[in-house]
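Visitor: sequence first, then the predicted structure:
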Amino acid sequence: MAQHQSGDTGAPSGTPSSVARRIDGIDAARALAVFGMFAVHLGVASHGLLPEEQGWALHGLVRGNSSALFAFLAGVSLALMTGRTRPVEGDALRRAIVRIIARAVLIGLLGVVLDLFAVPIAVILTYYAGFFLLALPFLRARAAVLWTAAGTLALCGPVASFLLRRDLVPTAPRTGSLTSLPEFLLTGYYPAITFMTFVLAGMAVGRTDLTATAVRVRMAVGGAVAAALGYLGPWLLLERMGGIDRLTEAHSTFLAGAPLGSMDAWTAERLRENTRDAMHSVSGQVPTDSWWWLAVGTPHTGTTFEILEAVGQALVVLVVCMLLAERLPRAMYPLTSVGRMPLTVYTGHILVLAILIPFQTETTMGAGGPWYMEWFVLGSLLFASLWRYAVGRGPLERGLARCADAAVTVVEERRRENGAR
């Protein structure tokens, strides 16, 4: 099945992937991930088209899933940059590693700079850079190995995190998006012990032939099954097997150790609702006062169920975006344009937020009032489309690529000099 593609893969020249063409559907999915983060950062009150109830529904859908999709697609990009279905080796692998390290350093520095603007969002770029470095040992792995690693981390990572945070690495107050190694690995907004599962799953997908119909069908079916398990598992364990009551007893200060059954029905249900609200307010990892927290599947909880749901949705979204980009390339042009310059668009929206925040009033939520979300999305689509048409690669993406190429040139020259001595 032919996929509508364009020339820039972002792969190192001279590698097998450099002769392959870019899959526009991946860019479209990446744009949706960026817009999902817009929706979370701007808040429900920023919607003009959606009533409040639908705004909250959208917020619940994209919160956590957009950042997971972003990390998943980072893994896909890493695989495409390093050989697609046939991982590069030798000199090509060394050059790819240098490029990835250079990109990671620059993206990490950009994340630190953006964090200094004190915009009240968790900047993902510093974490993102670290994920690139942690992925380096897996660049030569095939899809089966990558899926095995992702599955093992999805099953064992939440338990390991629970034990480590309970006994060895207590959660400290956060003073920025990322301020310490324990935050990066375990206790931060986007902890590596959770998000590397998304990166590894994305790399596994990138190691398959994404233009093959059979591969897409397996992705769609597997994604739907994983998402269903991610949603149904917590419902069964918490609502049907009494987990919500055990969590309420562990979490509620009102009960003070008393069993929930000692309360009247109205009070007991209010306490359960408080626990459900607490489940939805987690931002990184679940508390460690009860093992039942690992049965939760809400966003940013880092449980196996949340990971299953997020990876499943990412697979389905990617398949749908590839099909739409293939069949409606002109209609998808604005969306794929945003996906070609996600670093530029993501950085731009933080800078705009930094300008808007001083003008907030006590009655505004997020970055401002109604229609902010629509203006951010429309502005991104227009800017990216016009820039792509007139210039091509996004400004930050172009600068990042040039710096990475320069790093490769320096390393290669030093190797030649050392070899000549």
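Guide: Here it is on my side, so go on. All of these numbers come straight from a predicted model, not from anything done at the bench. Numbering: from 1, shown residues only.
Visitor: in this protein, which spans are strands?
Guide: With DSSP state E as the criterion, the chain has strands at 5-6, 22-23.
Visitor: pLDDT (mean, whole number) over the last one?
Guide: This means strand 22-23. When pLDDT is averaged along strand 22-23, the result is 89.
Visitor: how far does it sit from the chain's center?
Guide: In terms of Cα atoms, centre = their mean, to the nearest Å, the centre of strand 22-23 is found 20 Å from the chain centre.
Visitor: next: stretch 120-136.
Guide: Here stretch 120-136 is found 9 Å from its chain centre; the criterion is Cα atoms, centre = their mean.
Visitor: please apply the same query to stretch 219-232.
Guide: In terms of Cα atoms, centre = their mean, the gap separating the centre of stretch 219-232 from the centre of its chain is 18 Å.
Visitor: can you check stretch 381-398 too?
Guide: Between the centre of stretch 381-398 and the centre of its chain there are 22 Å (Cα atoms, centre = their mean).
Visitor: hmm, who's touching that stretch?
Guide: Applying Cβ atoms under 8 Å, 6 or more residues apart in numbering, the external contacts of stretch 381-398 come out as 8, 110, 333-335, 337-338, 340-341, 343-345, 347-348, 401. Just so you know, the C-beta spots here come from the backbone N, C-alpha and C atoms, and that holds for glycine as well.
Visitor: tell me which of those fall in helices.
Guide: Among the contacts of stretch 381-398, the members falling in helices (DSSP state H) are 110, 333-335, 337-338, 340, 343-345, 347-348, 401.
Visitor: what pLDDT does the nearest residue to A354 once chain neighbours are set aside get?
Guide: Distances taken as Cβ to Cβ, 6 or more residues apart in numbering put F117 closest to A354, at 4.2 Å, once the chain neighbours are dropped. You'll see F117 listed with a pLDDT of 89.
Visitor: now F117: phi and psi?
Guide: F117 has phi and psi values of phi -70, psi -10 when expressed as degrees, to the nearest 10.
Visitor: go on, S283?
Guide: phi -130, psi 70.
Visitor: ok, how many other residues are close to the residue nearest to A354?
Guide: Neighbour count of F117, defined by other Cβ atoms under 10 Å: 14.
Visitor: and stretch 390-400, what's buried?
Guide: Buried residues in stretch 390-400, defined by neighbour count with 16 or more other Cβ atoms under 10 Å: R393, G394, L396, E397, L400.
Visitor: follow-up on the earlier one: flag the least confident of the contacts of stretch 381-398.
Guide: D8 (40).
Visitor: picking that back up, between the buried residues of stretch 390-400, which sits nearest L136?
Guide: Using Cβ to Cβ, L400 is the member of these that lies nearest L136, at 17.5 Å.
Visitor: that closest one contacts A104, doesn't it?
Guide: No - proximity of L400 to A104 does not meet the contact threshold set by Cβ atoms under 8 Å, at 10.3 Å.
Visitor: let me see the ranges of the helices in the stretch 151-300 of the chain.
Guide: Residue ranges of the helices in the stretch 151-300 of the chain, as given by DSSP state H, counting those that start in this stretch, are 181-182, 192-206, 213-234, 243-251, 265-280.
Visitor: sorry, back to before: who touches both of L400 and A104?
Guide: Listed contacts common to L400 and A104 are nil; contacts here mean Cβ under 8 Å, 6+ apart.
Visitor: picking that back up, what two of the contacts of stretch 381-398 are the furthest from one another?
Guide: Looking at the contacts of stretch 381-398 by Cβ to Cβ, the two members farthest from one another are L110 and Y333, with 26.8 Å of separation.
Visitor: between those two, who's got more neighbours?
Guide: Applying other Cβ under 10 Å to L110 and Y333 shows that L110 carries more neighbours, namely 21 against 17.
Visitor: need the pLDDT of the residue nearest to that one when sequence neighbours are not counted.
Guide: Among residues not flanking L110 along the chain, L125 sits closest, at 5.6 Å (Cβ to Cβ, 6+ apart). Taken from the predicted model, the pLDDT recorded for L125 is 95.
Visitor: got a list of what L125 touches?
Guide: Residues counted as contacts of L125 (Cβ under 8 Å, 6+ apart) are I107, G108, L110, G111, L114, L343, Y346.
Visitor: so where's the stretch 51-200 of the chain uncertain?
Guide: 175 (pLDDT under 70).
Visitor: and the stretch 251-400 of the chain, by the same measure?
Guide: Low-confidence regions of the stretch 251-400 of the chain, defined by pLDDT under 70, span residues 359-368.
Visitor: if we can go back for a sec, list the contacts for the residue nearest to A354?
Guide: Contact partners of F117, counting by Cβ under 8 Å, 6+ apart, are I350, L351, A354.
Visitor: highest neighbour count among those residues?
Guide: Comparing the contacts of F117 by number of neighbours (other Cβ under 10 Å), I350 comes first, having 20 neighbours.
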